[in-house]
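S.K.: Need a 3D model of the sequence below.
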Amino acid sequence: MNRTYLVTGSYSSSEEPGIKLWEFNQQSGRFTEIGGILGTDRPSFLAIHPNGKNFAATSEIGNGEIIVYELTEEPLGLKEINRQSANGDHPAHLCIDRTGKWLLAANYSGGNVNVYPIEEDGSIGERTDSVKHEGSGPNAERQDAPHPHSVFQLPQSGRFIVSDLGTDTLYLYSLDQGTGKLELEQSIQAPPGSGPRHLAFHPSRGEVYSLEEITSSLTVYAWNEAGSMEPVQQVSLLPAGFEGKNTSAEVRVSADGRYLYASNRGDDSLAVFAIGEGGRLELNGFSPSGGEGPRHFELISGEWMITANERSHNLAVLKIDEDGMPELTDEIVETKAPVCVKIIRER
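M.R.: Predicted coordinates for the structure are as follows:
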């Protein structure tokens, strides 16, 4: 597969092509813009449907929306299918389950998690459930109220974990595939004041990696015999001696399960860890992100990384060496405030 097609979300206005389609050449490492689509304010986070054709986006504004799109053929481009109310302010993240029948979205300022059916024609239906979080955290500025920041599906499971930055809690939900209703199974407390944001999973074992935005840290959880998550390690995502403001943003595990990557906004770096016995992490080092404010990144075939640098308005291409370290190439593409980059198709 030499050609990879990606879509990006951004903090652009509805009058700008906030969602763009790109082609990445894995042989040359070059990135080409194919086109974009207007009509949505701050179309930030994206979720790809398992059919490799449709995807969804959040309009991260007050009283936001959830929008679904289609990747069209001949000519290759993007088309909106439909949209629904997000049922709250600032939808920050969403997830399409593996069956392709349900979409779950987390409203950061709205403090709730919502479920929508996905119809056979790819459109999103009326909301089937909404769960409201309660509580706060010790950081008065950032944790005054619940702030669900993401929703991820557990591998090989019909369950979902919602990371709530405002309450320092990981909420484990099961989803009824027939009714689209959520049931809370467990609440796992994160370190106080840490602000859990995003998750990654080991591809072949049971470890869960929880990135903590406020403290720029990461906690490794393992499944225990009781079927709950137990913290086994916490690591800093910053270089020793770092001084200044930083918030960590995205975390990913390589497809072969050997390395973990996390992005830092402030240090503008990528923390790289080797994954050892029991899923524990050992620091490999740090790589520059190729810009300012790396809010998100994507891994391609274990050889490439694309970073979305929001504050410097660019996408940067990095080549991953045999030790798992990303190294900047000269391929840096300007685009307005990119905040998410996802593979939609590979050929």
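
S.K.: Next, the distance between the ends of stretch 134-145.
M.R.: 7 Å (CA to CA, to the nearest Å).

S.K.: What is the distance between it and the centre of its chain?
M.R.: Averaging C-alpha positions (CA atoms, centre = their mean, to the nearest Å) puts stretch 134-145 22 Å from its chain's average.

S.K.: quick one: buried residues of it?
M.R.: By 16 or more other CB atoms under 10 Å, the buried positions in stretch 134-145 come out as 137, 139, 142, 143. For the C-beta atoms, the positions are set from N, CA and C on the backbone; glycine is no exception.

S.K.: next one: stretch 26-45
M.R.: Buried-residue list, stretch 26-45, by 16+ other CB under 10 Å: 31, 36, 37, 40, 41, 42, 43, 44, 45.

S.K.: surely the last one meets residue 340?
M.R.: The one in question is residue 45. Yes: Residue 45 is within contact range of residue 340, at 5.0 Å (criterion: CB atoms under 8 Å).

S.K.: tell me, what's touching the two both at once?
M.R.: Counting by CB atoms under 8 Å, 6 or more residues apart in numbering, the contacts common to residue 45 and residue 340 are residue 9.

S.K.: Leaving out chain neighbours, which residue sits closest to residue 255?
M.R.: residue 302 (5.7 Å; CB to CB, 6 or more residues apart in numbering).

S.K.: From residue 185, how far off is the one you found?
M.R.: 33 Å (CB to CB, to the nearest Å).

S.K.: Same question for residue 148.
M.R.: 16 Å.

S.K.: Which residue of those two possesses the greater neighbour count?
M.R.: Set side by side, residue 148 and residue 185 show more neighbours around residue 148, with 30 against 13, by other CB atoms under 10 Å.

S.K.: The more buried one and residue 2: what is the separation?
M.R.: On the measure of CB to CB, residue 148 and residue 2 end up 39 Å apart.

S.K.: Residue 268 too?
M.R.: 30 Å.

S.K.: In contact with residue 164, which residues?
M.R.: Applying CB under 8 Å, 6+ apart, the residues near residue 164 are 133, 146, 147, 148, 149, 170, 171, 196.

S.K.: at 7 Å what do you get?
M.R.: By CB atoms under 7 Å, 6 or more residues apart in numbering, the contact set of residue 164 is 133, 146, 147, 148, 149, 171, 196.

S.K.: And for residue 135?
M.R.: Here residue 135 is in contact with 146, 167 (CB under 7 Å, 6+ apart).

S.K.: was I right about residue 76 contacting residue 34?
M.R.: Yes: with contact defined as CB atoms under 7 Å, residue 76 reaches residue 34; the gap is 6.0 Å.

S.K.: Tell me how many other residues crowd the closest residue to residue 179 other than its chain neighbours.
M.R.: Spatial nearest neighbour of residue 179, chain neighbours left out: residue 128 (6.7 Å); criterion: CB to CB, 6+ apart. Per other CB under 10 Å, the neighbour tally for residue 128 reads 16.

S.K.: measure residue 128 to residue 68 for me?
M.R.: Using CB to CB, one gets 16 Å for the distance from residue 128 to residue 68.

S.K.: buried residues in stretch 177-187?
M.R.: Buried, per 16+ other CB under 10 Å, within stretch 177-187: 180, 182.

S.K.: quick one: average confidence on that stretch?
M.R.: For stretch 177-187, mean pLDDT is 97.
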